[in-house]
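Enquirer: okay, predicted coordinates and the sequence, questions at the end:
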Amino acid sequence: MGLTYALLNGASGLRATQTSINTVSHNIANSETAGYSRQRVRIGAQPGSVKDPRRGGRGAQIENINRVYDRFSSEQVRRDRTLLGFFESRERALFTLESIYSEEIAPTINGGFDSFFNSLRDLTRDPANRGARSHFLSGATEIASVFNRVHHDLRSLQIDLDQDISARIEQVNHLTSYIAQLNEQVVVSGDASMDFEDRRDEAIRELSKLVAITVIPEDSGTVNVQLNGIGTLVQDDLAATLQGLPDPNNRRVMTVEFTGIGSNVSRDITGVIDRGELGGLLDLRDQVVEDLIAEVNTMATDFAGAVNAQHTAGYDLNGNRGQDLFVFSDEDGDPAMNLKVNDAITANVDLIAISSQAQRDPISGAITGAVPGDALNGIAIAELQYMTRSAISAVQVGGGYTGTVEVGGSYNGRLYDRILNPLDLNDLDNRPGSSLEQIVLEVSGAGQPDVATFRISFDGGLTFEPAPPGDNPAAPAGNFTIADLNNLFLSKSNVTLQMGNNGSSFNLGDRVEVNLFNKDATFNRKVAETLQGVGQVAADNFQNMDVYGVRLNQSEKLRESIAGVSIDEEMLDLTRFEQQFAANSRVIQTVNELMDSVLELVR
Amino acid sequence: MRITDRIRFGTTRNDMNRLQNRSNKLYKELSSGKRINLPSDDPFGALQATGLKTHQRLLEQYDRNISTARINLYAADNALSQAVNVLTEARTLAITGVSVVGDTDSHRVMADGISQLKEQLFNLANSRVGDTFIFGGFQHTRKPYTQDALTGEVAYRGDRGAMKVEIGEGSLLDTTLEGAAAFGGGSATVSVTSAGYTGIPTIFGAYNGTDNMRVNVTVVNGGSPDTATYALQLTGPGGVGILNDDNGGLGYTLAELNTTPGLLSDHGIQLNIPDNRQVFAPGDEINADLLAGASEDIFALFDELERTLREMDDINSVGSVDYDGNGVADAQDLDNLEASIRSADAAVVNPLSPAEVDRMVRDGRRDRFRELANVRVQNLIGRLDQAMAQFSDSQSLIGLGLNKVDSASDANAFLNEQVTTTLASVEDSDFVTAVNELTLVENSLQAAVSTTSRVIQGVSLLDYLR
C-alpha cells in the first residue's frame, strides 16, 4: 500500500514542521530573555525498512532539539564579568571617597592646615589680643575637626562597604543554591533540559560577576563550580555557603567566612577573595580605605607632635610654659579620630603659648606673664608649615636651655616593635636608614651653630652614638658630644630627646632641630599627595571600568552572535516551515485525492 | 558574524551611554568652569592645584601681614620726623637762650617752650596704631613712656624687642621699635622690702648695641647709702659681664655684682644681685640707671635744658626775684641760686671743677653764672645733635623696613599673579576646547540617535512578510 506510506510520510513531515514552527515561536518569544540560547530542531530522514526495501523512505523524524551553545564564548563572558565586577562594584564608593578629599565638597585637611597656620600668623601680629587668640583657637579646632571628620568619613565608608559586601555574600549564597537546584533539574528533565541549562548558565554568569569561579561540566549534565583558590561552591545539588561575620578584634569590620559542602566548620577567606565584585569591595575596604585611615592617623600624630613640641617650648600669657595644644581624647584610639584641642586651652585662650620668653617683674624678678608683643614662638610654630622633613621638631630655646625635644609622630613603629620583641633586635643592622636609625640634631642661630648626626642602636637598651661619617656625609658629626644628649625616649607616637644641662651650649634664639631620616614632604604636600593617590585610584578604576566594559561588550556580542535569536532569521525559518507545512499538507491532499480515485474504481 | 537584534540594540545603547557620560562631564566642566571637579578628573593636576591654593592662601596672609607692617612703619616714620622737628625747634630755642642777654622774660618763655616741646615729644614717643604702641618693643600694650607726676621725670617702660611679622617664607619684619633707641631712657628702681635682698632688677631697653655701656647703681635710704658705677661688657650674645667699679662704691663691693653675670635679653638688661644680707635693709631703694653707652635720654636732656633756661631767667632777675620764697629779694637768694647751680652742675657729664666754680663766684657771680649756664647750654646743644643722630638712625632703620615691605609686596603681587595663572591653567576649563569637544560629542550623539531610529525602523523581513 504505497499510498498509505506516502500519507504516513506526509504526516511525519507535518509533525516535524509543527515542532520546527513551535521551536521558532519559542525562540521568538524568548528573543529578549536574558541568557536564552536559541534552539534548533534537528530533523532526520527515517530510512526505509530493510524487510521491505521497496517501500522506500519512511519520511522525516525529529532527532532532537538542541540549544546553540558555545563554551568558549560563554567562558569568555564569565571571565570578563569577573574582571569588570571588581571595578564596577567600587564606583559608588569611590565617588564617596573622592568627595571626602575634595575641597569643593567639604573642608579638607589641606585647607585645615592653611587656616590653622594662617590664623596663627594673624595672631602673631597681635599676640596679646584675646580676639586674635580665639581666632587662632578656632583655626586649631577646625584642623582637629577636619581630621576627625575625614577619619569618621573613611570609617563610615568602610561600614557602607560592609553593607555592600554583606549583600554580595547573600547574592552568592542565593546563586549557588539556585545553581545546585538547577543541577538537579537538568538531570531530572533529561533531553528537555535546555531551558534549565540556560538558566543555570545565566546564574553562573551572575555568580562570576561576584567572585572568580571555575566551572567544570560533569558527564551527568551537572556542573561543578569552584571558588578560585578556596574550594568547591557547588557540586551536584549541594552548595557551600559564605557568611559575613563582624570581627570583634577589628572594629567589627566584617570578615567573610566559608563553610564547605558537608562541613560545619567555617574558615576566614577575607584575604583570599581578590577578584569580582566581592574582591573589589574587599580590596577597597581593606587596602585602599584602610591605608588612607592609617595615613590620616600618622598625619594627625605627626602634626600634633610637631606643633606640641614647639608650643610647649613657648610661654603663655601667664608666663608659664605652654601645654600641649593638641591632645587625643583617647590615647589608645585612632589619633585622627581623637585629635582635639586641649580643653584647658579651649577654656582659656591665655594658655596659648606663642611668646618665646616670660615677662619678669623688674622689681622682684618674679614671672608676671608673657612678654606681650613677643610672638616668636608663634612664628616658629607657623614655620612648621614650610618644613620639608616631617619628622621635625624645632624648638627655639633660651640661654642655657635644658629640657626635652619631642619629635612628633612620623615614627614608623618598627623600632618600637623591636624593642617589644627583643628577639628581633638582631636584624637591626640589616636595615640601615630606616626612619629612626638616625637622628640629626641641628643647632642654629646665635649660639654655636652645629650639626650632629646620631645613630640609634640597641645594646640591651636604647643607646645612641655619633653616626659613622659615611652614613650621612652631608651632616658630619659636629661639636656636640653625646653628653649633650642625655637620654632618648621612644614611644609609639613620638621620640623624646632629653637635653642635659648645657648652659654653655645654647644661647637665646638658638634653634634646636631634630630630624628623623627618610621623610621628605611638608604637611601640605603630604595631604596633596594623598589626594593625588585617591584621585589616581578612582581614575584608574573608572578607566578600567571602561576598558573591561568594552571587553565584556565584545565577548557578550560574540556570545550573542552565536547563541542569540535573530528575528529575521526566525522569520525566514518561519516562512520556510510554513511552506514546508503547506507542501506536506499538499502531499496528504494529493494522497487523499489519489485514494478517492482508487475508491471511485470500486464504485 | 551573525548580527542579532540584541547586538544591534546593545551596540547603539552602549555607544549612546558612553557619549552621554562624556557630554555630562563636559556639561559639568562648562557649568562649573573647572576642568578638575573631582580628583580623579586629573590626579596630578589636583595635586598641583592643592599646592597652588596653599601658596595662594599664604600670599594672601603675607599681604595682610605686610599691611600691618606698613601702617606701623609709616606711623613710626611720621612720629620720628615730627620728633626731629621738635628737636630742631628746641635747638633753636637753646641757641637763642645763649645769645640773648639780660632780657628778663625771654628765658622763662623759652623754658616754657622747651616744656611744651617735651610734652609733644612725650606724646610722639607714645604714638600708637590701634592698640599697638609702636615704640615699646615687645611691650606694645601699654604706654612705653610714663611721666612721674611729681618730678616730671620720664621713664621708658618698653623693652629691647621688636614685634615681628612674616612677610614671606622665612622673612620676618619688625613692626614695632625699641623706643629707647630713639628717645632714650632706661632705668629700674627696686624697693627692698626685707633685709638680705637678692633679685634681678631689669633695666628696660636703652642699650645702644655697643659694649662700653655703664650702669649707675645707687642705694639710698636706711642701709648703706652708696653709689657705684659699673661698666658692662658683652660676654657673647645674651651675656653681660660687669667689669669694674668706677668710683669705688663702699657699702657693697664690686664682687657682689661681679660673681653673677647679668643677662642681656630682648627684654632688657638684667642685673643679678646676689645674697647681700649685710648690705641691704628694708626701705632701701636700689636705682639702676644706664649711663654712657646707652642712648641719649632725650627727656632728661629737655629737663636739663628747661632747668638751665629757668636758672638763666633767675640769674637775670636776681635782686628782683624772691628765689627762696622768704618774702624778700636779697643776697640770700643769690647764695641759694649758687648752691642750686653747683649741685646741678655736679650732676652733668663733664662738670666744671668745684675749684673753677669757686673762681667764678669770686670773679663776679652773675656774669660767671651766666657764663656757666651758657657753657652748659652749649653742652646740651651738642647732646641734642647727638640725639638727632639717634633719631636719624632709627629713621633709616624704618626706611629699610619700608623698602623691604614695598619689595615684598611687589614680589608677592607678582607671585600671586603667577600662581593664579598657573592655577587657572591647571584647574580651569579651557572654554574653547571644551565647547568644541561638546559640539563633537553632541554631533556623535545626534548621529547615534538617528542610527538608532534607523535600527528601530530598520530593514526587517517583518516589513515585507504579508
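Expert: Ah, there it is. What you see is a predicted model, and the numbers here were worked out from it, not measured in a lab.
Enquirer: how about residue 18: what's its closest non-neighbour residue?
Expert: By default, I'm working from chain A. Spatial nearest neighbour of A:Gln18, chain neighbours left out: A:Phe581 (7.4 Å); criterion: CB to CB, 6 or more residues apart in numbering or on different chains. Every C-beta, even on glycine, is put in place using the N, C-alpha and C of the backbone.
Enquirer: the intended chain is chain B.
Expert: Once flanking residues are discounted, B:Arg18 sits nearest to A:Asp546: 7.9 Å by CB to CB, 6+ apart.
Enquirer: tell me which element the one you found falls in.
Expert: For A:Asp546, the element it lies in under DSSP states H and E is helix A:523-563.
Enquirer: buried ones in the helix or strand following that helix?
Expert: Reading on from helix A:523-563 to the C-terminus, the next helix or strand found by DSSP H and E is helix A:567-602. For helix A:567-602, burial by neighbour count (16 or more other CB atoms under 10 Å in any protein chain shown) applies to A:567, A:569-571, A:573-574, A:577, A:580-581, A:584, A:587-588, A:591.
Enquirer: nearest to B:Gln56, of these?
Expert: Proximity of those to B:Gln56, judged by CB to CB, is greatest for A:Ile567, which lies at 62.2 Å.
Enquirer: in the chain, which helix or strand is least confident?
Expert: Reading this off chain A. Here the helix or strand of chain A ranked lowest by mean pLDDT, DSSP states H and E is helix A:414-420, holding a mean of 36.
Enquirer: meant chain B actually
Expert: Lowest mean among helices/strands of chain B [mean pLDDT, DSSP H and E]: helix B:254-258, a mean of 39.
Enquirer: longest helix of chain A, counting residues only.
Expert: helix A:130-189 (DSSP state H).
Enquirer: just give the closest residue to the residue of chain A found nearest chain B, not the sequence neighbours.
Expert: Ranked by CB to the nearest CB, the top residue of chain A for proximity to chain B is A:Gly535, at 2.8 Å. Of all residues not flanking A:Gly535 in the chain, B:Pro39 sits nearest, at 2.8 Å (CB to CB, 6+ apart).
Enquirer: check A:Val296 too.
Expert: With sequence-adjacent residues excluded and distances taken as CB to CB, 6+ apart, A:Val296 is closest to A:Ala336, at 4.4 Å.
Enquirer: element containing the one you found?
Expert: In this assignment (DSSP H and E), A:Ala336 forms part of helix A:335-338.
Enquirer: which residues sit against that helix?
Expert: Helix A:335-338 is contacted by residues A:147-148, A:150-152, A:155, A:293, A:296-301, A:304, A:328-331, A:493 when judged by CB atoms under 8 Å, 6 or more residues apart in numbering or on different chains.
Enquirer: next, count neighbours for the spatially closest residue to A:Gly231 that is not a sequence neighbour.
Expert: Among residues not flanking A:Gly231 along the chain, A:Gly260 sits closest, at 5.3 Å (CB to CB, 6+ apart). Counted by other CB atoms under 10 Å in any protein chain shown, the residues lying close to A:Gly260 total 18.
Enquirer: for A:Gly260, grab phi and psi.
Expert: phi -70, psi 170 (degrees, to the nearest 10).
Enquirer: which strands and helices lie in contact with whichever helix or strand A:Ala93 is part of?
Expert: Per DSSP H and E: A:Ala93 is located in helix A:91-101. Counting contacts by 3 or more CB pairs under 8 Å, 6 or more residues apart in numbering or on different chains; DSSP states H and E, helix A:91-101 packs against helix A:130-189, helix A:523-563.
Enquirer: any chance of those helices in a markdown table with mean neighbour count and mean pLDDT as columns?
Expert: Converted to a markdown table, those look like this (neighbours: other CB atoms under 10 Å in any protein chain shown; pLDDT from 0 to 100):
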| stretch | mean neighbour count | mean pLDDT |
| --- | --- | --- |
| helix A:130-189 | 19 | 91 |
| helix A:523-563 | 20 | 87 |
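Enquirer: and of the ones you listed, who's closest to A:Gln243?
Expert: Per CB to CB, nearest to A:Gln243 of the helices and strands packed on helix A:91-101: helix A:130-189, 6.9 Å.
Enquirer: report how many residues lie close to B:Asp15.
Expert: 17.
Enquirer: what about the closest residue to A:Ser189 other than its chain neighbours, distance to A:Val77?
Expert: Distances taken as CB to CB, 6+ apart put A:Phe196 closest to A:Ser189, at 6.0 Å, once the chain neighbours are dropped. To A:Val77, A:Phe196 is 19 Å away according to CB to CB, to the nearest Å.
Enquirer: between the two, who's got more neighbours?
Expert: A:Val77 (23 against 19).
Enquirer: quick check, pLDDT for that one.
Expert: What the model reports as pLDDT for A:Val77 is 90.
Enquirer: would you tell me what helix or strand it is located in?
Expert: According to DSSP H and E, A:Val77 maps onto helix A:71-88.
Enquirer: burial count for B:Ser99?
Expert: Neighbour count for B:Ser99, taken as other CB under 10 Å: 7.
Enquirer: what score does it have for pLDDT?
Expert: Reported pLDDT for B:Ser99: 76.
Enquirer: related to what we said a few turns ago, in this structure the residue nearest to A:Gly535 contacts B:Ala46, no?
Expert: Yes - with contact defined as CB atoms under 8 Å, B:Pro39 counts as touching B:Ala46 (4.2 Å).
Enquirer: OK, contacts around the closest residue to A:Tyr548 other than its chain neighbours?
Expert: Closest residue in space to A:Tyr548, ignoring its immediate chain neighbours: A:Leu84 at 4.1 Å, by CB to CB, 6+ apart. Applying CB under 8 Å, 6+ apart to A:Leu84 gives the contacts A:Lys209, A:Met545, A:Tyr548, A:Gly549, A:Arg551, A:Leu552.
Enquirer: next: B:Gly152.
Expert: By CB under 8 Å, 6+ apart, the neighbours of B:Gly152 are B:Asp303.
Enquirer: now the phi/psi pair for it, please.
Expert: Torsion angles, degrees, to the nearest 10, at B:Gly152: phi 80, psi 10.
Enquirer: low pLDDT regions in the chain?
Expert: Here I'm looking at chain A. A:1, A:250-252, A:360-366, A:387-521, A:603 (pLDDT under 70).
Enquirer: actually it's chain B I care about, not the one you picked
Expert: Scanning chain B for pLDDT under 70 picks out the ranges B:101-104, B:160, B:170, B:185-295, B:315-338, B:340-369, B:458-459, B:465-466.
Enquirer: can you report how many residues neighbour the closest residue to chain A within it?
Expert: At 2.8 Å from chain A, B:Pro39 is the closest residue in chain B, using CB to the nearest CB. Each residue near B:Pro39 was counted by other CB under 10 Å, and the total is 30.
Enquirer: equivalent analysis for the one 4 residues further on, please.
Expert: Number of residues near B:Pro43 (other CB under 10 Å) recorded here: 21.
Enquirer: what sits against the nearest residue to it once chain neighbours are set aside?
Expert: Counting by CB to CB, 6+ apart, A:Gly535 is the residue found nearest to B:Pro43 once chain neighbours are left out, at 3.3 Å. For A:Gly535, the contacting residues are A:Glu98, A:Tyr101, B:Leu38, B:Pro39, B:Ser40, B:Asp41, B:Asp42, B:Pro43, B:Ala46, B:Leu47, by CB under 8 Å, 6+ apart.
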